[in-house]
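In: generate a structure from the sequence data that follows.
(2 chains, ligands or ions: 4)
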Amino acid sequence: MESIVCNGCSLLCDDVAAEVSGKTVNSLGLCTLGHTHLEKAALQKTKQAEKDFEKAADILTTGENILVYGWTHATNEAIKEGIELSSLLNGYMASSIDLGATQVMEHDINASGLGIDLEYVRNNGDFIIYWGSDPSESLHRHPSRFAVLPRGEKIPEGIESRTIGVVDVRQTETMKMANHRLVIPGGKDADLLDVIISELEEKSSIKDKVLGIPGSELVGFVNGFRKADCTVIFYGSGVINSGNQETNLTKIAKLVEVQRNNGKEAYALPMFVQSNTMGVEKAVSGVHSLQRISSGEFDTALIVADDALAHLPGPAAKTLAKSHIVYVGPPGGLTDKRAAVSIHTADTIVAGTGTMTRVDMNEMEFKKWKASKEDATISQTIRKLTELVRKK
Amino acid sequence: MKLNPMELYNLLPKTNCRLCEPKTCMAFATKLALGDISPDECPPLLEAGFEKNLEKLREMVAPMLSAEATGIKLDESKCTGCNNCVVVCPVDVAAEPPTSQGKAAMSTNTVFRVENGVSKIINLERCRRFPPDRLNCRVCEQYCCTDAIEIW
Ligand code: SF4
Ligand code: SF4
Ligand code: SF4
Ligand code: SF4
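Out: Residues are numbered from 1 along each chain as shown, chains lettered A, B, ... in the order given. Ligands and ions are numbered 1, 2, ... in the order given. Model (predicted):
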């Protein structure tokens, strides 16, 4: 067994180990999602044929309006190479995550200093709230590694030293660990945030049921904020994909501010799923690419490490499918199949080189191991393409 | 096996006489279900008229009170490999201290270790429910969100 870094989700677990022999993949510490991802990645074949590079460079140099798209599963180094290639091609660099909500988060939450190191959460977070996010569905190890169960400097007894709250529109598995379980009607996040804020600012007092939650339960939840020294809100798709993400996020920021005004520590962090969402956030600032893709303005597309044709909403995918597609990434998927030319790279978990940015802005460096295919990384492939394009 | 406190409650005198330490019959039933108290600690239950109930209750809680008759089952098909059990189990924390800080178990000394994406019980006999400890621990079951762990 060798130590590796998992890119099965945005937690980028670096305390895990794996070995590959023949078709057998063994791992230690990886959750189900991570192990499945590793198994798939380890058995994939790379394909780096010179003629494919030539053809790809031809398509890209003859294209008129070029979309350079994908990136959420690419390393920061690859993104950098992509930005260079894109500017060389006079292309439009965009990513699946700037399609809407996540972009709002970048500005409202991270820019306003609400984020915090996950290790700090482990050591200090005594009031943890999962708001519209269910780690037992996607970021399996979030509670055990950082937020709920582990012990830390000011958390000597692990979960016994923390209070856990879960706010969601339905019962979730994570609620099993929670002290406060609040099920609210869909789209009512902002209303609940208002009630909590006004209660904490002593501008009102809860008496009866609010949004179907018994008054006493809600008072208990609000008291959690009062008692806590370090509150951390982990908000997820339930908050972001509800249609009023801007309002929701502004109010979460406000709640954090109220806590801070009361002399407490408070933070808010998103729960992303795709491995390098944060790296893309930092580097790519494309806006509303969805409209531009749907409008058909791009005749050529370089798609990197993302099955865009499968993930984009129907109309956008349909329009994009009509363009000349060059695909760079691990084999498989609709985009790979429909591309005019595909260059198959190793998934970063086996490539074993490069960095991705964890949700708390920590740069996680991939580790080289026996199964590493260092010569077939996305970043090298893009660099080689760039060189060819430059010559043409 | 999990005991249903309501079923146990129905066999109690239901008088809330406050003669037991939990003071109410419902609280008593809850403790019974966890194996934290024995039916014999309810004085009215030992009086005439309750023989049948007492016997039934003793039968029902017997597995809860005897650590030797205990067992843990881990249903791999429900497990997501979240590592919660690894991190909360007191044995794991002692055997491999980094697990207490959320790290995955790497040694062969823990009770739980997540292998190929699912948790495996690799040292059942070290569980504190078994002799010599015979403690009524069930934190792994408590914090397994998918109910993959079952203790009886
Ligand atoms: S939680 Fe995410 S990064 Fe960690 S092992 Fe699971 S899939 Fe991989
Ligand atoms: S002693 Fe028995 S009857 Fe009295 S309160 Fe306790 S359980 Fe109920
Ligand atoms: S019952 Fe307690 S000691 Fe036994 S495996 Fe579960 S957590 Fe560990
Ligand atoms: S706590 Fe449950 S789901 Fe999580 S790893 Fe252990 S057995 Fe699996």
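In: can you show me the strands along chain B?
Out: B:72-74, B:112-115, B:118-121, B:149-151 (DSSP state E).
In: with mean neighbour count and distance to A:Glu217 added, can I get those strands in CSV?
Out: In this view, the C-beta of every residue, glycine as well, is placed from N, C-alpha and C. Shown next, in CSV, are the strands of chain B (neighbours: other Cβ atoms under 10 Å in any protein chain shown; distance: least, Cβ to Cβ, whole Å):
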stretch, mean neighbour count, distance to A:Glu217
strand B:72-74, 17, 33
strand B:112-115, 25, 33
strand B:118-121, 20, 32
strand B:149-151, 20, 28
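In: between these, which gets nearest to ligand 2?
Out: Closest approach to ligand 2 among these (Cβ to the nearest ligand atom): strand B:149-151, 24.1 Å.
In: sheet-wise, list the partners of the closest one with their directions.
Out: Taking DSSP bridges as the criterion, strand B:149-151 pairs within the sheet with strand B:72-74 (antiparallel).
In: distance from the partner strand to the middle of the chain?
Out: Strand B:72-74 sits 11 Å away from the centroid of its parent chain (Cα atoms, centre = their mean, to the nearest Å).
In: tell me the pLDDT of the residue lying farthest from the centre of chain B.
Out: Within chain B, the residue lying farthest from the chain centre (Cα atoms, centre = their mean) is B:Ala48, at 31.2 Å. B:Ala48 is assigned 91 on the pLDDT scale.
In: that older thread, turn the strands of chain B into JSON lines, including mean pLDDT and distance to A:Ser323.
Out: Conversion of those to JSON lines gives the following (pLDDT from 0 to 100; distance: least, Cβ to Cβ, whole Å):
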{"stretch": "strand B:72-74", "mean pLDDT": "90", "distance to A:Ser323": "50"}
{"stretch": "strand B:112-115", "mean pLDDT": "97", "distance to A:Ser323": "43"}
{"stretch": "strand B:118-121", "mean pLDDT": "96", "distance to A:Ser323": "42"}
{"stretch": "strand B:149-151", "mean pLDDT": "92", "distance to A:Ser323": "51"}
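In: confirm A:Val219 sits in a helix?
Out: Yes: counting by DSSP: H, G, I helix; E, B strand; the rest coil, A:Val219 is part of a helix.
In: count of residues packed around it?
Out: Using other Cβ atoms under 10 Å in any protein chain shown, the number of residues around A:Val219 comes to 16.
In: circling back: quick one: the residue farthest from the centre of chain B from ligand 2, how far?
Out: The gap separating B:Ala48 from ligand 2 is 15 Å, by Cβ to the nearest ligand atom, to the nearest Å.
In: helices of chain B, start to end?
Out: All helices of chain B, identified by DSSP state H, fall at B:5-9, B:25-34, B:51-65, B:84-88, B:90-95, B:139-143.
In: I'd like to know which of those helices is closest to A:Cys13.
Out: helix B:84-88 (12.8 Å; Cβ to Cβ).
In: thinking again about what came up before, could I get the strands of chain B as a markdown table with distance to ligand 2?
Out: Shown next, in a markdown table, are these (distance: least, Cβ to the nearest ligand atom, whole Å):
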| stretch | distance to ligand 2 |
| --- | --- |
| strand B:72-74 | 29 |
| strand B:112-115 | 36 |
| strand B:118-121 | 35 |
| strand B:149-151 | 24 |
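In: what's the angle from the helix or strand of chain B with the lowest mean pLDDT to helix B:25-34?
Out: When the helices and strands of chain B are scored by mean pLDDT, DSSP states H and E, helix B:51-65 comes last with a mean of 85. Going by axes from the mean of the first three to the mean of the last three Cα atoms, to 10 degrees, helix B:51-65 is angled at 50 degrees with respect to helix B:25-34.
In: tell me if helix B:51-65 is near ligand 3.
Out: No: on the criterion Cβ under 6 Å from any ligand atom, helix B:51-65 is out of touch with ligand 3, staying 12.7 Å away.
In: which strands and helices sit next to that helix?
Out: The helices and strands touching helix B:51-65, judged by 3 or more Cβ pairs under 8 Å, 6 or more residues apart in numbering or on different chains; DSSP states H and E, are helix B:5-9, helix B:25-34.
In: send me it as CSV with only the CA atoms.
Out: In CSV, the C-alpha atoms belonging to helix B:51-65 read as follows (Å, rounded to 0.1, in the frame of the first residue of the first chain):
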residue,chain,number,x,y,z
GLU,B,51,-44.6,-12.3,37.6
LYS,B,52,-45.4,-12.9,34.0
ASN,B,53,-44.3,-9.3,33.0
LEU,B,54,-41.1,-9.6,34.9
GLU,B,55,-40.2,-12.9,33.3
LYS,B,56,-41.0,-11.6,29.8
LEU,B,57,-38.9,-8.4,30.5
ARG,B,58,-36.0,-10.4,31.8
GLU,B,59,-36.1,-12.5,28.6
MET,B,60,-36.2,-9.5,26.4
VAL,B,61,-33.4,-7.7,27.9
ALA,B,62,-31.1,-10.7,28.6
PRO,B,63,-29.0,-10.1,25.4
MET,B,64,-28.6,-6.5,26.3
LEU,B,65,-27.2,-7.2,29.7
